[in-house]
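Participant: Can you look at this prediction? I've put the sequence above it.
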Amino acid sequence: MHKATIIFDLDGTLVDTAPDLVTSLNATIALRGLTPVTYEDLTHLVGQGARMMIARAFALRGAALGEDDLDVLQAEFVHHYRAGMPGASRPYPGIVEALERLRDAGHTLTVCTNKLEELALPLLQGLGLAHHFAAITGGNTFEFRKPDPRHIVETAKRAGGPTDRIVMVGDSINDIAAARNGGIPSIAVTFGYSDIPVTDLGANAVIDDFALLTADYIANLTA
Ligand SMILES: O=C(O)COP(=O)(O)O
Ligand SMILES: [Mg+2]
């Protein structure tokens, strides 16, 4: 069976981070008197990292925000989010078994997230997941990020895994668009934070349970 590099998105794919993202975002925007956002709002706000999430929350509330204050609020968010880590965030059911199964089949496992690298690493370490991955790259690791396909390809290279056989697993448009932009097969998960129905994202496959993510499943996608 051909070996592949399997690339996982983090928020909404590996880990259900929504409760902590909402809590830290609300603590951050409260500093400027904005009313809290809800979990429902989060699906529209998340995806392009903390900075964009804060900017989108201000837009949602119709509040003005300059770049300098965005710098300040991003630092506040990072501080709050890091301090609470891993908080209420939990790996999705079946992910550890899936990672072990795929590693045993010889695949290279990596994480490609738009989360800041300095948040992604301690979160995955705090949840005991980091050791599964040959590379973990964030939204600020390179000069580009998802939906730029180079974020995926450079993550595979950094891991020393195959670059001619890559599979992207993600929950949102950034993940699936990045894969499509690079001619890379993708799997969308149904349990994440997409504001578009996952069946409309254009992924090659959709799964609602990591029990389905087997070596045979990967082989079919990369055949
Ligand atoms: O934190 C974000 O905005 C997105 O993170 P993700 O790429 O892991 O979904
Ligand atoms: Mg995601």
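Facilitator: Noted; the coordinates are in hand. Predicted, not measured: the structure shown is a model, and the values here were computed from it. Ligands and ions are numbered 1, 2, ... in the order given.
Participant: Using the centroid of this structure, identify the residue furthest from it.
Facilitator: Gly33 (28.7 Å; C-alpha atoms, centre = their mean).
Participant: Make sure I have this right: that one is in a helix.
Facilitator: No. Looking at Gly33 with DSSP: H, G, I helix; E, B strand; the rest coil, it is coil, so not inside a helix.
Participant: Now the phi/psi pair for it, please.
Facilitator: Dihedral pair for Gly33: phi 80, psi 10, per degrees, to the nearest 10.
Participant: measure it to Met168 for me?
Facilitator: 39 Å (C-beta to C-beta, to the nearest Å). All C-beta atoms are positioned from the backbone trio N, CA, C, and that covers glycine.
Participant: And for Thr13?
Facilitator: 10 Å.
Participant: Quick check: neighbours shared by the two?
Facilitator: Contact with both Thr13 and Met168 is made by residues Asp175, according to C-beta atoms under 8 Å, 6 or more residues apart in numbering.
Participant: just for the protein, where's the confidence low?
Facilitator: For the chain, not a single residue meets the criterion pLDDT under 70.
Participant: what residues does it put near ligand 1?
Facilitator: Taking C-beta under 6 Å from any ligand atom, the part of the chain that reaches ligand 1 is made up of 9-12, 46-49, 53, 113-115.
Participant: Compare Thr13 and Met168 (neighbour count), which wins?
Facilitator: Met168 (30 against 26; other C-beta atoms under 10 Å).
Participant: which residues does that one contact?
Facilitator: 7, 9, 112, 152, 175-176, 178-179, 184-187.
Participant: I'd like to know which of those are part of strands.
Facilitator: Among those, DSSP state E puts 7, 112, 186-187 in strands.
Participant: Drop anything exposed from those residues.
Facilitator: The neighbour-count criterion (16 or more other C-beta atoms under 10 Å) marks 7, 112, 186-187 among those as buried.
Participant: Show me the domain layout of this structure.
Facilitator: For the chain, automatic domain parsing gives the domain ranges 5-16+90-222, 18-84.
Participant: now, of those domains, which is deepest in the fold?
Facilitator: Highest mean neighbour count among the domains of the chain (mean count of other C-beta atoms under 10 Å): domain 5-16+90-222, with a mean of 20.
Participant: now it, how far from the chain's geometric center?
Facilitator: Relative to the centre of its chain, domain 5-16+90-222 is centred 7 Å away, using C-alpha atoms, centre = their mean, to the nearest Å.
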